[in-house]
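*Asks:* quick check, what structure comes out for this input:
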Amino acid sequence: MKWGADGIMVKLTEGTGYLSPKAGNQIANGFKVFNTVGVYHFFHGRGTAEAQYFLAWVKKMGLDKSTVLAIDVESPDLPWKTTSQVNVFLRYLVAHGYKNVITYGSGSWFNAGRINRSQLVDKAIWVAAYGVSQPGVAKANAWQYTDNFHGVDCSYDFDGKLSGKTTKATPKKASYWADNGLYEVITSEVNVYGKPALDKANKRRIHFSKG
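*Replies:* Now for the predicted structure:
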């Protein structure tokens, strides 16, 4: 918390026989510190069997259907194209009422088509890309930008998908105030004119992102 973190994702299971020995304590401590805890499964390509194993432990840990469940798709033993089995895994979770799902993988896997986002059951993605200034995959929901943030991995959660707190922003009505020649404008875009004639021929729009 003191470093600005506001959530945690805990490794729960891997394959069809591994349970992280730290998961129980990490989940319990996570709830003490944060308002939300998500969990992930390290995937080896057996869609249904791994989803069943993962979900069984999700339930045993007492995690409800609002919990964010992630599938970690990076294992070297996966086939080059992994999307179909990832979808089998995701469909199983969604069919059992766990709809806050997200797919984690390297930016290079998404960009090369190893994980085909356009074909995923749920398009939410969590992109790993270190040593760069942006995730490198358009409209990523979350970006793991380092594996060494005070000794742990750390991510930006762009839209709340990773924390399960997804909200739709209500745009403010365009307005402005002026004080002694200084202006503050609250709007998503501003028209800029290149010549005194304020018509469409001389107009271009400057767009602003949130904040």
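*Asks:* how's the chain carved up into domains?
*Replies:* 8-157, 175-207 (automatic domain parsing).
*Asks:* SS state for the nearest residue to Q134 once chain neighbours are set aside?
*Replies:* Spatial nearest neighbour of Q134, excluding adjacent residues (CB to CB, 6 or more residues apart in numbering): W143 at 7.5 Å. Placement of C-beta: from N, CA and C, glycine included. Reducing the assignment at W143 to three states with DSSP: H, G, I helix; E, B strand; the rest coil gives strand.
*Asks:* ok, W143 touching V127?
*Replies:* Yes: the pair formed by W143 and V127 meets the contact definition of CB atoms under 8 Å, at 5.3 Å.
*Asks:* overlap of the contact sets of those two?
*Replies:* When contacts are counted by CB atoms under 8 Å, 6 or more residues apart in numbering, W143 and V127 are jointly contacted by P135.
*Asks:* between those two, which one's more packed in?
*Replies:* With neighbours defined as other CB atoms under 10 Å, W143 and V127 compare such that V127 has more, 27 against 23.
*Asks:* what residue ranges in the protein score low on pLDDT?
*Replies:* Scanning the chain with the threshold set as pLDDT under 70 gives 1-5, 147-152, 165-194, 196-199, 205-211.
*Asks:* kindly recompute the last result at 50.
*Replies:* In the predicted model of the chain, residues 1-3, 167-171, 211 satisfy pLDDT under 50.
*Asks:* now the strands for it?
*Replies:* Counting by DSSP state E, one finds strands in the chain at the ranges 8-14, 18-19, 37-42, 69-72, 101-106, 125-128, 142-149, 152-157, 175-179, 182-186, 189-193, 203-207.
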